[in-house]
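**Q** Need the 3D shape of this:
(chains A and B)
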Number of protein chains: 2
Amino acid sequence: MNSTHCLLGRVLCVVTGASRGLGRCIATQFSSVVGPSSRFILTGRDASLLAGVKEEIVKSASGVEVDCLVLDQSQVTCDDVLRKHLAEKANPKDFDKAVIVHNSGSLGDITRNAKDFDNMAEVQSYFDVNLASMIALNGVFLKWCGQEAKPLRTVINITSISALQPYKTWSLYCVGKVARNMYFRCLALEEPRVRVLNYAPGPLDTDMQAKIREECGDAEMKKTFIEMHRDGKLVDPAASVKVLMRLLKFDSYESGIHIDYFDEA
Amino acid sequence: MNSTHCLLGRVLCVVTGASRGLGRCIATQFSSVVGPSSRFILTGRDASLLAGVKEEIVKSASGVEVDCLVLDQSQVTCDDVLRKHLAEKANPKDFDKAVIVHNSGSLGDITRNAKDFDNMAEVQSYFDVNLASMIALNGVFLKWCGQEAKPLRTVINITSISALQPYKTWSLYCVGKVARNMYFRCLALEEPRVRVLNYAPGPLDTDMQAKIREECGDAEMKKTFIEMHRDGKLVDPAASVKVLMRLLKFDSYESGIHIDYFDEA
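**A** Numbering: from 1, shown residues only, chains lettered A, B, ... in the order given. Next comes the predicted model:
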């Protein structure tokens, strides 16, 4: 198994926020190409939703093990949950590739302007879920992988155009996304043997977009998203995952780079 | 008092991390140009160091009130500390200008690579001090200011070139700085009547640089900083504050922009 395509061979793949939307789509599509004896670890807060994803995978991808790991990224102990699970369930020697997809994330309150966040506990909680936990989980994953040639390590951050430019009433989201990107740019710089991709999947037709259409505090932004939805311009998560998988297949992206769905579609 | 120079007239000025280094220098230099009946609120963790700064200001700047506010940005209640102090000690109607300088910050652990941060509590703690508390304190400050034409509001974020590019073993610092910048870019976009400046003061000859020379985990970075120190290439904080004050005086910067000392010196 010489290919550098991170989804070929025996793959250990962690997908955070795998119970719904893009995360679910990543889990099901990735599992359809990996080799036998691969293992997926799907994290999320809702055990029954995760069980549904597992069922879908097990039906279609034979020889792939799926673990549903209930993990709440607002909890400061979430690193231990993944650490313990990996130690008990998987040995890095058994895999050709190891992949983690940091998909889990929340919009935060998009009804208010940046100046209106005057409660530290609220702000802290947002960055716990969207930043601190992700960094710690990534550390746990890479420590488990070890430093050997095998498994080949790939880290994917689901990001957004909001990491590149500010948007009205989206301050927490923009801050979280740019912060995640920078963490992965540092990681890529430090670890030439880890493949790192910041992938912005486009404006997806998921629950998150429904929330935006309802709650966005900026009238102009809200109108734009309502019109995109009405005109069928939101991106199908399955189409976006296809683009992501093409990037992984050709494996020619510069490690640490930010790539948008619309650059590649 | 028609000038838009944010340090002219009766000024309410909050400086975080004012007990040492750049923060101390900002407090003393800013206080030397403001008008009578101005008030400085200096925050920090060390009451006796703050008292020393107060003494220095009171000696040289007559008619300026100075409050030393012991405030620990690792504590989730720090927003309440500033909120209560502002409510009790200052009325926005009494000031022409209101300025906050978010100077407080920590390097974090610069001995380790990004992948080595696998403890969520540690990562959370870094972003509490350097991000969440700052956002909340800024919200408290702007709420206190109100939305009237007076006081004119100016918000200054002390940032770094690390907000623009990754550096080895500096992941937490880079992530915190880019995150802060994005928060202020969002703020500038949303609040055209608030002046917002992200100012990178250059590599300052302060305690933080001494820590870098001792602890930096990347040999090449460490060597560079040791050489800069040896060759007298570190920036004098007083010189950097002069450049900052010139930017404030001409008040022609684009709100939300990142300006580096070396662009202006």
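**Q** C-alpha only now, for contacts and for neighbours.
**A** Noted.
**Q** what about stretch A:166-181, average pLDDT?
**A** Confidence for stretch A:166-181, expressed as mean pLDDT, is 98.
**Q** quick one: is it near chain B?
**A** Yes - Stretch A:166-181 comes into contact with chain B (C-alpha under 8 Å from any C-alpha of the partner chain), by way of A:166-172, A:174-176, A:178-180.
**Q** For that stretch, output the C-alpha coordinates as CSV.
**A** C-alpha atoms of stretch A:166-181 as CSV (Å, rounded to 0.1, in the frame of the first residue of the first chain):
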residue,chain,number,x,y,z
PRO,A,166,-15.2,39.4,8.9
TYR,A,167,-19.0,39.3,8.6
LYS,A,168,-21.5,41.3,10.6
THR,A,169,-23.0,39.5,13.6
TRP,A,170,-20.7,36.5,13.0
SER,A,171,-17.8,37.6,15.2
LEU,A,172,-17.6,34.5,17.3
TYR,A,173,-17.8,32.2,14.3
CYS,A,174,-15.2,34.2,12.3
VAL,A,175,-12.8,34.4,15.3
GLY,A,176,-13.2,30.6,15.9
LYS,A,177,-12.6,29.7,12.3
VAL,A,178,-9.5,32.0,11.8
ALA,A,179,-8.1,30.7,15.1
ARG,A,180,-8.5,27.1,14.0
ASN,A,181,-6.9,27.8,10.6
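**Q** Quick one: name the residues of the stretch 151-265 of chain A near chain B.
**A** A:165-172, A:174-176, A:178-180, A:182-183, A:185-187, A:189-190.
**Q** coming back round to it: could you list which of the residues of stretch A:166-181 next to chain B belong to helices?
**A** Those of the residues of stretch A:166-181 next to chain B mapping onto helices are A:171-172, A:174-176, A:178-180, per DSSP state H.
**Q** What values do phi and psi take at the residue minimising distance to the centre of chain A?
**A** Chain A has A:Asn103 as the residue nearest its centroid, 1.8 Å off, counting by C-alpha atoms, centre = their mean. Per-residue torsions, A:Asn103: phi -100, psi -30 (degrees, to the nearest 10).
**Q** Next up, the contacts around A:Glu10.
**A** To be clear, residue A:10 is Arg; Glu isn't right here. Shown in contact with A:Arg10 (C-alpha atoms under 8 Å, 6 or more residues apart in numbering or on different chains): A:34-39, A:94-97.
**Q** Distance check, it against A:Ala61.
**A** Shown here: A:Arg10 relative to A:Ala61, a distance of 13 Å by C-alpha to C-alpha, to the nearest Å.
**Q** before we move on, back to that, selecting buried members of the residues of the stretch 151-265 of chain A next to chain B in PyMOL, what would you type?
**A** In PyMOL, this line selects whichever of those come out buried by 16 or more other C-alpha atoms under 10 Å in any protein chain shown:
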select buried, chain A and resi 166+167+168+169+170+171+172+174+175+176+178+179+180+182+183+185+186+187+189+190
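**Q** Not counting its neighbours along the chain, what's nearest A:Ser32?
**A** What sits nearest to A:Ser32 in space, not counting adjacent residues and going by C-alpha to C-alpha, 6 or more residues apart in numbering or on different chains, is A:Ala61, at 5.6 Å.
**Q** Run a quick neighbour tally on the closest residue to A:Gly202 other than its chain neighbours.
**A** Nearest residue to A:Gly202, sequence neighbours excluded (C-alpha to C-alpha, 6+ apart): A:Tyr261, at 5.5 Å. A:Tyr261 has 20 neighbouring residues, counting by other C-alpha atoms under 10 Å in any protein chain shown.
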